[in-house]
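**Q** no sequence on hand, only this structure:
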């Protein structure tokens, strides 16, 4: 294994995919946060070999795709690099936790919403304008209050609650001035009048491993913004909704964010593909890290988990 704080690995060359469970697991990353440190410590405790691939320096050769890894665990925080790195690893025949499809879908709020709707999962109403001006014109009929969100991003960054048209005009005018075509796609979500808290639940594969309430006086309850975690009981209805959400998104390690409506109805708000969990560990216990690693090792060691990187002849 390599020193996670100093060493990086640069794949390239005519490698051969290695299904030997003693082969190292590639760990995609660019920063070692609390979550990554705990996962690596658990690998070390179990004497599981791993090799860190820093996406800021890694180089791939798609024409020579085979790589000497047992599989890969992605903990990359950059959505763009995560999307392409996981696809490159899958092209090389490796199983990646999470998969390229999960990361592509869950990393984009609109794609997440479409997947949820296709699967019949309750989610807040959404308005999408391909320009900010188009969205603004439609908001009077859609109704206020609403929340404007960027398609990608975490921690509630660049999210804004719009209570009436005057606020919407100011926020969407600013959005229209942002560079980059993706910023022009305007994703507006109905504001759910929740009871001062959100729910975050962790699903590994199809197993619900725990859930927390995130309490805050602010409408954004992210623990990274000071939201206070408290254990949330997982009853049959919540568990059923979480498993259905995981099945809709694809098997992986997911953090599902839910909102409670005024009548107690639950809505899936977002699904996180590279979840932070240090706040959850404080109340759910450190056994969560072991279960995370259990799932990763099981997923990578299933018979036939290696993909065939050789393109079909047509």
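**A** Arrived safely, thanks for sending. This is a predicted model, so every value here is computed, not measured. Residues are numbered from 1 along each chain as shown.

**Q** CA only for contacts and neighbour counts going forward, please
**A** Noted.

**Q** which residues of the stretch 151-300 of the chain fall in helices?
**A** Taking DSSP state H, counting those that start in this stretch as the criterion, the stretch 151-300 of the chain carries its helices at 165-177, 181-184, 236-249, 278-284, 287-301.

**Q** would you list those in JSON lines and tack on mean pLDDT and distance to residue 33?
**A** Formatted as JSON lines, the helices of the stretch 151-300 of the chain follow (pLDDT from 0 to 100; distance: least, Cα to Cα, whole Å):
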{"stretch": "helix 165-177", "mean pLDDT": "93", "distance to residue 33": "31"}
{"stretch": "helix 181-184", "mean pLDDT": "88", "distance to residue 33": "28"}
{"stretch": "helix 236-249", "mean pLDDT": "98", "distance to residue 33": "25"}
{"stretch": "helix 278-284", "mean pLDDT": "89", "distance to residue 33": "10"}
{"stretch": "helix 287-301", "mean pLDDT": "95", "distance to residue 33": "14"}
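
**Q** mind checking those helices for the one nearest to residue 81?
**A** helix 181-184 (16.2 Å; Cα to Cα).

**Q** count the residues that sit near the spatially closest residue to residue 268 that is not a sequence neighbour.
**A** In space, and not counting its chain neighbours, residue 268 is closest to residue 258: 4.4 Å by Cα to Cα, 6 or more residues apart in numbering. Counted by other Cα atoms under 10 Å, the residues lying close to residue 258 total 24.

**Q** and if you look at the one 4 residues further on?
**A** Number of residues near residue 262 (other Cα under 10 Å) recorded here: 11.

**Q** now swap in the one 5 residues further on and tell me
**A** Around residue 267 sit 19 other residues, with neighbours defined as other Cα under 10 Å.

**Q** with residue 282 instead?
**A** The burial count for residue 282: 12, using other Cα under 10 Å.

**Q** likewise for residue 59?
**A** 15.

**Q** helix or strand: which one has it?
**A** Taking DSSP states H and E as the definition, residue 59 sits outside all helices and strands.
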